[in-house]
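Novice: Need a 3D model of the sequence below.
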Amino acid sequence: MQADTALLSGVLFAVSMWLLLQRSFVKVLFGFVLLSNAANLFVLMMSGEPVGRSAPIVGDPGPVVDPLPQALVLTAIVIGFGVTAYLVTLLYRLFLDSGTTHVDELYADEPAEREKSK
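Specialist: Okay, the predicted model is just below:
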């Protein structure tokens, strides 16, 4: 189970890095969302499997699950959602102002260069 989760986390990190390095801001946004999810999965994976452990609220004196990674992931989900909403707003405003979300078209000085980059 840990190996499957580690492989999934690695694939998510790799795909998110590939998307973050693209020249379209929409792909960068999707890369950020995937990176956030990969980091959350990685933190949960590092906390270990909860097999044979009980919740820390129950009075069982046996081994308990550490609630700190779950609290960190819950906080990271909320922060990631807020940053994603902010990035979507910035991307929408960028599209309204310039009519494009591609870096080459955005920073082209002349209209002829914009047509050439398409």
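
Novice: Touching, residue 103 and residue 28? I think so.
Specialist: No - in this structure, residue 103 is not within contact of residue 28 by C-beta atoms under 8 Å, at 9.3 Å. C-betas here are computed from N, CA, C, even on glycine.

Novice: of those two, who's got more company?
Specialist: residue 28 (18 against 14; other C-beta atoms under 10 Å).

Novice: Which strands and helices lie in contact with the host helix or strand of residue 44?
Specialist: Using DSSP states H and E, residue 44 maps to helix 25-46. With contacts taken as 3 or more C-beta pairs under 8 Å, 6 or more residues apart in numbering; DSSP states H and E, helix 25-46 sits against helix 2-20, helix 68-98.

Novice: let's see 10 Å
Specialist: Contact analysis of helix 25-46 by 3 or more C-beta pairs under 10 Å, 6 or more residues apart in numbering; DSSP states H and E lists helix 2-20, helix 68-98, helix 103-106 as its packing neighbours.

Novice: between residue 103 and residue 28, what contacts are shared?
Specialist: Residues touching both residue 103 and residue 28 (C-beta atoms under 10 Å, 6 or more residues apart in numbering) are residue 22.

Novice: which regions of this protein sit below the pLDDT cut-off?
Specialist: Along the chain, the model assigns pLDDT under 70 to residues 58-60, 110-118.

Novice: how close does the most centrally placed residue in the chain get to residue 101?
Specialist: Centroid-nearest residue in the chain, with C-alpha atoms, centre = their mean: residue 36, separated by 2.4 Å. From residue 36 across to residue 101, the span is 20 Å (C-beta to C-beta, to the nearest Å).

Novice: for residue 23, same thing?
Specialist: 10 Å.

Novice: cool, and residue 56?
Specialist: Distance from residue 56 to residue 101, by C-beta to C-beta: 46 Å.

Novice: Residue 26 now?
Specialist: Taking C-beta to C-beta as the measure, residue 26 falls 5 Å from residue 101.

Novice: In terms of neighbours, single out the busier of these two.
Specialist: Per other C-beta under 10 Å, whichever of residue 26 and residue 101 has more neighbours is residue 101, with 18 against 14.

Novice: Going by neighbour count, list what's buried in stretch 22-36.
Specialist: 24, 25, 27, 28, 29, 30, 31, 32, 33, 34, 35, 36 (16 or more other C-beta atoms under 10 Å).

Novice: Before I go, just wanted to say thanks for your time.
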